[in-house]
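**Q** After the sequence you'll find the predicted model.
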Amino acid sequence: MDYKQLRIYIDSANSYTGCCLVEALRNDHVNDINPHLIIGSVASAYTTADTPRGLKRVIDNNKPNVLTRVLLDSDVIIYDLTSSRLDEVDYAIRTLKIADFSETKIFVLISSITVWSGTPPKERKEDAGPLTGESEHEDDPKDGNSPYREEEYLKRRSLPRYEVLKNLESQCLAAGQLRRNLRTYVICPGILYGNGERLFYSLFKQAWLQQDPVLHYFGDGTNHIPTIHVKDLAEIVKKTVEHRPETRYIIAVDHSKKTTQKDIVQAISSGIGSGEVSGKPFLEAILDENYDFLTLNVNLCPTRAFSNLPETSQIEWNCRNGLEANFEKISAEFNLYRGLRLNKIAIFGPPASGKTHFGRLLSRMFNLPHILAKHVSEEATSLPNAFGEEVRNTLAAVKEKMLEEAQAALEALKKKKVKGIENEVDPNKIIPRIPDDLFARSFLWRLQKTDCVNRGYLLDGFPKTYHQAVALFTEEHDGNRVVNTKMLPETIILLKANDEFLKKRAQGLPEEVLTGSHYNEEGMNRRLAAFKKILVPDPGTESIFAFFKEHGITVYEVDVETATDDAIITHLKEIIERNGKFENSLDYDEVEEERKRREQQREQAEKERQRKEMEAKALEAEKEKRRQQDEDQKLKMKMLEDQEREILDTKSQPLRQYLADRVVPILTQGLLEVCKTVPEDPLDYLADFLLKNAPKALQGRLPEVRPI
């Protein structure tokens, strides 16, 4: 096949999109005689990124004369509005509009979905027929909104801050209409994902770490967000360059049927996180760096620009059906591009050797789930599914059998008339254990959860037997048991110490730890004997460590008697990182710093609590003091008022006596006379009455009433 060599210029070739464009457009693997000559510029924002393979030359696009010469020499020119300088895009379009060139050039402008940010939802028309073929894209039954097709691009509306991007789109399309030998294309992609992530990186990171297990979407999450894998965008650009379709405005989105914000967040949480999601009010999320993208609400139909091409020339999709349908692939890309390796560790040791203590430190250091038998048993028992029901039913049957055996043993003791025994068996004291095969299945369920699948695990003291290891780390395949390498641990650690050292260490544990534990003399002897049986099982039975050695896994023995905790942790870290450092790990110093920081925070919090408590007590005492002072003041005021009233009564007594003796009798008699007579002018009548009868009143007796 003859290949025409193309000179291709890609601006910001080291960017997230640029690297994929170089990889998609290079053809030196199929044409080593005259492959495409790809040159490009590098964006300063991506200086840490390696120059992509296939890029033949890097130019300095800050020099106008160099850039102009490259534009005029290139057959294909590609700019990306999300990584290119907008003034340079404008310069390139203007240059190509007025420059003198005879050969046909292709100018591809990769736009941004934000140019549709202000577009109102398109209402579904009753007579609108279904979309078929390459454009198949179902309407959302929840809101009935139809997707916009690429021929409706003139209906797009952008928010004011993205109007400049829309104007550059229009300039690009207009330039192609002015010149016959300039074919311009605008490719508007959905939000890009894949290859280690870009806009969804913060969600992937939170879900992967699971430090906060709940992923949040904004509002009710029902807004439509078009998406496309970055490799699929590069494939559409490649098809545009190769086939030069008549459609000049191309919508590059995948065929996902779940395009709402909540669907996307749920897919990420379920794929590599806990599966938990919840809504966040818009006001709380407005400062999020990706707020504008995650609150988009635009439903777009995938391109039909290549629907007339032969089947062999159709778009070779990487993730045709979207993020959720291809999440296993996308998760693998995320781990690969971020340098995240599975770290699978199993730690064993006798009682009081510090197995769980060091396991907890290592799990924190390497950000691994710490898998303990107790936790697995509790989680499996509480599962709300068929497996959880099986575990509960099995435990109930085991407990019933144990009760029957205990009851039979009690009856036998009663027949022997043994003294000091209980009258009946207490069911609460019967603690059943999950049988080995079911327990191994419970651990298998735990290791299949997303945190273990993506980060690895730290198994603490399990499996204990060869049989359990076979049940946990192998699977049935064509009638044979084969090792499941995805589950098999890579590092086996065995802590060692003599019995006397371990017993002495157990005796030195704090009282609160010893209380109700198995670290007493009897318990230590029993547990040490049980661990020795793990190391050297019954004749005819292989040990758990023999299983690991059979499959080429070294068991690293670590003596804990003489070394300090810091030295042991350092040694364990060296063992785990013997084949390279884990990017998701933390240094021990960082672990210690974190521990000290949290301890300081707890101390500060306690001091703050005590300070606030003292302030509250002081405030309460001050209130009580003021209340007592107010009561004392009120009592003093009442006493003063009583004294003043008594003094006033004493001083007013002669006057009151005088009025009672001299004034009140004659005045009362006058008023009675007014009432009897009812004169027209009662005041004048009363005055005359007092004048005529007052002399006798003043003599100390009431006069006989004389009519006026």
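**A** Arrived safely, thanks for sending. Numbers count the residues shown, from 1 in each chain.
**Q** what comes into contact with the helix or strand harbouring residue 79?
**A** Applying DSSP states H and E as the criterion places residue 79 in strand 76-80. Strand 76-80 is contacted from outside by 6-12, 15, 17-18, 21, 25, 71, 88-89, 92, 96, 105-110, 237, 241, using C-beta atoms under 8 Å, 6 or more residues apart in numbering. For every residue, glycine as well, the C-beta is placed using N, CA and C.
**Q** Kindly report the same for stretch 459-466.
**A** 345-349, 355-356, 359, 370-373, 376, 436, 440, 443, 468-469, 471-472, 489, 534, 537, 541-544, 546-547.
**Q** Mind checking which of those are in helices?
**A** 355-356, 359, 373, 376, 436, 440, 443, 468-469, 471-472, 534, 544, 546-547 (DSSP state H).
**Q** And the residues you listed, which of them are buried?
**A** 355, 359, 373, 376, 440, 443, 468-469, 471-472, 534, 544, 547 (16 or more other C-beta atoms under 10 Å).
**Q** Closest one of these to residue 269?
**A** residue 376 (22.3 Å; C-beta to C-beta).
**Q** now that closest one: how far from residue 276?
**A** 20 Å (C-beta to C-beta, to the nearest Å).
**Q** next one: residue 527
**A** 37 Å.
**Q** about what we covered before: run the chain-centre distance for the strand holding residue 79.
**A** On the basis of C-alpha atoms, centre = their mean, to the nearest Å, strand 76-80 sits 37 Å off its chain's mean C-alpha point.
**Q** got the CA coordinates for that strand in PDB?
**A** Taking C-alpha atoms only, strand 76-80 is exported to PDB below (Å, rounded to 0.1, in the frame of the first residue of the first chain):
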ATOM      1  CA  VAL A  76      -1.900  19.100   8.900                       C
ATOM      2  CA  ILE A  77      -2.100  21.600  11.800                       C
ATOM      3  CA  ILE A  78      -3.700  20.600  15.100                       C
ATOM      4  CA  TYR A  79      -4.400  22.900  18.000                       C
ATOM      5  CA  ASP A  80      -6.100  22.100  21.300                       C
END
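**Q** which helices and strands does the helix or strand just after it pack with?
**A** Per DSSP H and E, strand 76-80 leads on to helix 86-98 as the next helix or strand towards the C-terminus. Judged by 3 or more C-beta pairs under 8 Å, 6 or more residues apart in numbering; DSSP states H and E, the packing partners of helix 86-98 are helix 64-73, strand 76-80, strand 105-110, helix 163-178.
**Q** same question for helix 86-98, mean pLDDT?
**A** Averaged across helix 86-98, pLDDT comes to 95.
**Q** again with stretch 227-244
**A** 96.
**Q** Could I get the contacting residues of residue 117?
**A** 157, 158, 159, 162, 292, 296, 298.
**Q** Check which strands are paired with the longest strand seen in the chain and give the direction for each one.
**A** If you go by DSSP state E, the chain has its longest strand at strand 182-189. Strand 182-189 has its sheet partners listed here by DSSP bridges as strand 105-110 (parallel), strand 249-252 (parallel).
**Q** can you pull the buried residues of that strand?
**A** Those buried within strand 182-189 under the rule 16+ other C-beta under 10 Å are 182, 183, 184, 185, 186, 187, 188, 189.
**Q** residues contacting residue 637?
**A** Residue 637 neighbours (C-beta under 8 Å, 6+ apart): none.
**Q** ok, longest helix in this structure?
**A** The longest helix of the chain (DSSP H) is helix 588-658.
**Q** Output the lowest mean pLDDT helix or strand found in the protein.
**A** Every helix and strand in the chain was compared by mean pLDDT, DSSP states H and E; the lowest is helix 511-514, with a mean of 67.
**Q** Three-state assignment for the residue nearest the centre of the chain, please.
**A** By C-alpha atoms, centre = their mean, the chain has its centre lying nearest to residue 215, at 3.5 Å. Reduced to three states with DSSP: H, G, I helix; E, B strand; the rest coil, the structure at residue 215 is strand.
**Q** Quick check: bridge partners of it?
**A** Beta bridges link residue 215 to residue 277 when assigned by DSSP bridges.
**Q** Confirm for me that it is in contact with residue 203.
**A** Yes. Residue 215 lies in contact with residue 203 (C-beta atoms under 8 Å); the separation is 6.0 Å.
**Q** can you list residues touching both of these two?
**A** Counting by C-beta under 8 Å, 6+ apart, the residues touching both residue 215 and residue 203 are 265, 268.
**Q** where in the protein is pLDDT low?
**A** Low-confidence segments of the chain (pLDDT under 70): 1-3, 46-49, 124-144, 420, 511-516, 584-599, 695-708.
**Q** now for the helix or strand harbouring residue 414, which elements pack on it?
**A** Secondary structure from DSSP H and E places residue 414 in helix 386-415. Using 3+ C-beta pairs under 8 Å, 6+ apart as the contact criterion, the elements in contact with helix 386-415 are helix 373-381, helix 436-447.
**Q** Quick check: bridge partners of residue 458?
**A** Applying DSSP bridges, one finds that residue 458 bridges with residue 345, residue 370.
**Q** That one: what's it in contact with?
**A** 345, 346, 347, 359, 362, 363, 366, 368, 369, 370, 371.
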